[in-house]
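Engineer: from the sequence below, what's the structure:
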Amino acid sequence: MAKKSKNQPVNETSELILAIDELCKAKNISREVLFTKIEAAMVSAYKKEYGKQDNVTATVNRTTGAIEVFARKTIVSEVSEPAVEISIEEVRNRFPELTDYDLGDLIEVPANIDSFGRIAAQSAKQVIVQSIREAERGSVYEEYSEKENEILTAIVKIIEPDRAYVELGRTEGVLEVNQLMPGETVRVGDRLKVYVLEVNKSAKGPQVMVSRTHTGLVKRLFEVEVPEIRSGEVLIKSIAREAGSRTKMAVFSSNRDIDPVGACVGPRGMRVENVTNELKTEKIDIIKWSSDPQEYIAAALSPARVNEVYIPGKEKIAYVTVPDNQLSLAIGKEGQNVRLAAKLTGWKIDIKSASQAQQEAEMISQSQPETYEEDENAGN
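Structural biologist: Purely as a prediction, here's the structure:
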């Protein structure tokens, strides 16, 4: 380890320390990260002024703000390369406090930073400013990367043909047009709830991609509105969503005293209404999850009533019979209700009305050949 010569202590707290503390508080930057960046900047400035050297280090006193730049040199009897060597005689004369050293040892010699000059000072300033920006970007990235899969409140700032830029606090979010609900329009100044898809690093800082169509948005909104979901007493087992139109959500509670559907609907329907208002009146069907697939599928086809759910084999195909007047409701507009039910449950669902099922049963019965038992006495 290189021996370091001692310098005169500075007792007063410098303006640098006060500025660093204020900056760290305002920008939420790690104090140690900023000190490290400043030290790197001083090394860069020194090398620019005196030529590239690999033996230069810098330190900033964390209490006083005193800046010291050191050149690591080898102790020799006769100096041939002043940039990296120092004579043993000079060590004795300049650093009498050092006693335990010998030829070949390394010593860190303080450099005269007062002689940096205007160019070096400007270089250091630029590097420090850039380092502060990088440290702030890193801090913002760490903060928002922890918010992936969460919801945030966003304010629309800029609208472009293919995306909108939204303010999220310390950074901007990108809301692409395909992440807006179909038919949804936004205006500058609108306040929205958005779901954080991912956070990427870029040259301009963290890029936060957000969505209004993701099923996670519905889940997080209900977690905000329903205390029983936050506490874990009610579980969201599955969500199927066609954003801007309809969502089906299956919920469950192991506590028999809690009605999971009622908890999500809330008193006078206020909880589910708060969610639908945020989703611009998107309809939400909340059903009770069941481990019995027949019961679960029947519930998933709500609001239609179901007569029977028949599961003939191990394949996940269910044949459902509904009253004649419930067929169109069970299928839904353009097949949406049965499509969402299938997505929610993970089962393929084949729906028929009661009369259709009866006709098929009769056709099957008529197509089967009659069988006769042979008369044992025939021909006698």
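Engineer: now the phi/psi pair for I158, please.
Structural biologist: Dihedral pair for I158: phi -130, psi 140, per degrees, to the nearest 10.
Engineer: need the contact list for the nearest residue to it once chain neighbours are set aside.
Structural biologist: Spatial nearest neighbour of I158, excluding adjacent residues (CB to CB, 6 or more residues apart in numbering): Y165 at 4.2 Å. No exception for glycine: its C-beta is placed from N, CA and C like everyone else's. Residues in contact with Y165, defined by CB atoms under 8 Å, 6 or more residues apart in numbering, are 156-159, 172-175.
Engineer: any regions of the stretch 1-150 of the chain where pLDDT drops low?
Structural biologist: The model of the stretch 1-150 of the chain has pLDDT under 70 over residues 1-13, 52-53, 113-121, 123-124.
Engineer: helices along that one, start to end?
Structural biologist: According to DSSP state H, counting those that start in this stretch, the stretch 1-150 of the chain carries its helices in the segments 15-27, 31-50, 88-94, 117-145.
Engineer: pick the most deeply packed of these.
Structural biologist: Most buried of these, by mean neighbour count (mean count of other CB atoms under 10 Å): helix 31-50, with a mean of 19.
Engineer: which strands and helices lie in contact with that one?
Structural biologist: The contact analysis (3 or more CB pairs under 8 Å, 6 or more residues apart in numbering; DSSP states H and E) places helix 31-50 against helix 15-27, strand 56-60, strand 67-76, helix 117-145.
Engineer: look at the residue nearest to I158 and report its pLDDT.
Structural biologist: For Y165, the model assigns a pLDDT of 96.
Engineer: list the contacts of the residue minimising distance to the centre of the chain.
Structural biologist: Centroid-nearest residue in the chain, with CA atoms, centre = their mean: E148, separated by 1.1 Å. By CB under 8 Å, 6+ apart, E148 lies in contact with 196-199.
Engineer: quick check: R191 touching L152?
Structural biologist: No: using CB atoms under 8 Å, R191 is not in contact with L152; the gap is 11.1 Å.
Engineer: looking at those two, which is more packed in?
Structural biologist: More neighbours surround L152 than the other of R191 and L152, with 18 against 11 (other CB atoms under 10 Å).
Engineer: ok, now which ones touch the more buried one?
Structural biologist: Going by CB under 8 Å, 6+ apart, the list of residues near L152 reads 168-169, 173, 193-194, 196, 210.
Engineer: among these, which one lies nearest to C24?
Structural biologist: C24 lies nearest to G169 out of the contacts of L152, by CB to CB, at 17.9 Å.
Engineer: which residues in the stretch 151-300 of the chain form helices?
Structural biologist: Under DSSP H, counting those that start in this stretch, the stretch 151-300 of the chain gives helices at 215-225, 227-231, 260-265, 270-278, 293-300.
Engineer: what is the second one packed up against?
Structural biologist: Spelled out, that is helix 227-231. Packing partners of helix 227-231 (3+ CB pairs under 8 Å, 6+ apart): helix 215-225, helix 260-265.
Engineer: and of those, who's closest to K333?
Structural biologist: Closest approach to K333 among the helices and strands packed on helix 227-231 (CB to CB): helix 215-225, 20.1 Å.
Engineer: in the closest one, what counts as buried?
Structural biologist: Within helix 215-225, the residues that count as buried by 16 or more other CB atoms under 10 Å are 215-222, 225.
Engineer: for it, give the mean pLDDT please.
Structural biologist: Mean pLDDT, computed over helix 215-225, is 97.
Engineer: picking up where we left off before, partner residues bridging the nearest residue to the residue nearest to the centre of the chain once chain neighbours are set aside?
Structural biologist: The shortest distance from E148 to any non-neighbouring residue, by CB to CB, 6+ apart, is to V196 (5.2 Å). Following DSSP bridges, V196 is listed with bridge partners V210.
Engineer: and T74, by the same measure?
Structural biologist: E85, L106.
Engineer: compute the number of surrounding residues for it.
Structural biologist: For T74, the neighbour count with other CB under 10 Å is 16.
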